[in-house]
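Peer 1: no letters, just coordinates:
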Ligand SMILES: [Zn+2]
């Protein structure tokens, strides 16, 4: 959390709730998440700034601030970061990382129980100082940009495994671990499939699966309207369901490591094309 479908839901709420609000101060509970690329304390930089709008850029949430000095407040919630808006007088949650006090008595809270996310304060427009912010991939929820042709062209340049490709945010905007698994299950592709081994028809199917899965997730979350800081994942097919039966065929879902990430998949619906040529030594040794 959050991934693209979560942000599609959360960002408009933040924009609606916060537009026009003025920052009164900032409380940093977990300094490890904060990156300030400017002279001055966070308090001095942020107090008095007015929130003009909130938008999404790739997996980042951008707070458009107006005031002196000219700066951008950018949050990358990564795996576990989430937002909440609450009266400042209410008890702070244990996983509070940074609280932005608003002049109207509310607080914008950034919570992060693993503290992998980052809150950046940067000179306005200096996006290149934030890793991954300047160069972003093809917007998979924009039908004009994300065509089958554009996706094929992108895929033809890849020499990596399909799960790694799907999660590359400089190529595609954007999928993380959870939705990459969902898309691969939908497209019936093993996560370790090499992209260069996929033909045009398979790439088209993969393209369509991306659109279907992300659009369905976006609509499901919008319909069910979770609380701002609630992680809604119970509708996912394979992610977080390791050991449970595949919703399509009933085979027990498995997980495997792919380039430092875990992948959850169905070994029947998503057979490993390389399996016949490979011996799984780790498994044999375990026995
Ligand atoms: Zn299956």
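Peer 2: Done, it's in. Just so it is clear, the structure is predicted and the values come from calculations on it, not from any experiment. Numbering: from 1, shown residues only.
Peer 1: check which helices and strands the longest helix seen in the chain sits against.
Peer 2: Under DSSP state H, the helix in the chain containing the largest number of residues is helix 200-224. If you count contacts as 3 or more C-beta pairs under 8 Å, 6 or more residues apart in numbering; DSSP states H and E, helix 200-224 packs onto helix 4-18, helix 148-155, helix 177-187. Any C-beta I mention is one placed from the backbone N, CA and C, and that applies to glycine too.
Peer 1: tell me the helix or strand right after the second one.
Peer 2: So the one you mean is helix 148-155. Note on helix 148-155: by DSSP states H and E, the next helix or strand toward the C-terminus is helix 162-166.
Peer 1: report the rounded mean pLDDT for that following helix.
Peer 2: Helix 162-166 shows a mean pLDDT of 97.
Peer 1: give the partner strands of whichever helix or strand comes after it in its sheet and their orientations.
Peer 2: For helix 162-166, the following helix or strand on the C-terminal side (DSSP H and E) is strand 172-173. In the sheet, strand 172-173 lines up against strand 138-139 (parallel) (DSSP bridges).
Peer 1: which residues are in contact with the partner strand?
Peer 2: Residues outside strand 138-139 that contact it (C-beta atoms under 8 Å, 6 or more residues apart in numbering) are 145-146, 150-151, 154, 171-173.
Peer 1: now it: average pLDDT?
Peer 2: On average, strand 138-139 scores 96.
Peer 1: how far does that strand sit from the chain's center?
Peer 2: Chain-centre distance of strand 138-139: 14 Å, with C-alpha atoms, centre = their mean, to the nearest Å.
Peer 1: pLDDT weak spots in this structure?
Peer 2: Along the chain, the model assigns pLDDT under 70 to residues 1, 274-287.
Peer 1: if you drop the residues flanking it in sequence, what lies closest to the most centrally placed residue in it?
Peer 2: Here the mean C-alpha position of the chain is nearest to the C-alpha of residue 3 (C-alpha atoms, centre = their mean), at a distance of 2.9 Å. Here the nearest residue to residue 3 in space, its sequence neighbours aside, is residue 176; by C-beta to C-beta, 6 or more residues apart in numbering that works out to 4.6 Å.
Peer 1: do residue 184 as well
Peer 2: In space, residue 184 is closest to residue 191, 5.4 Å off (C-beta to C-beta, 6+ apart).
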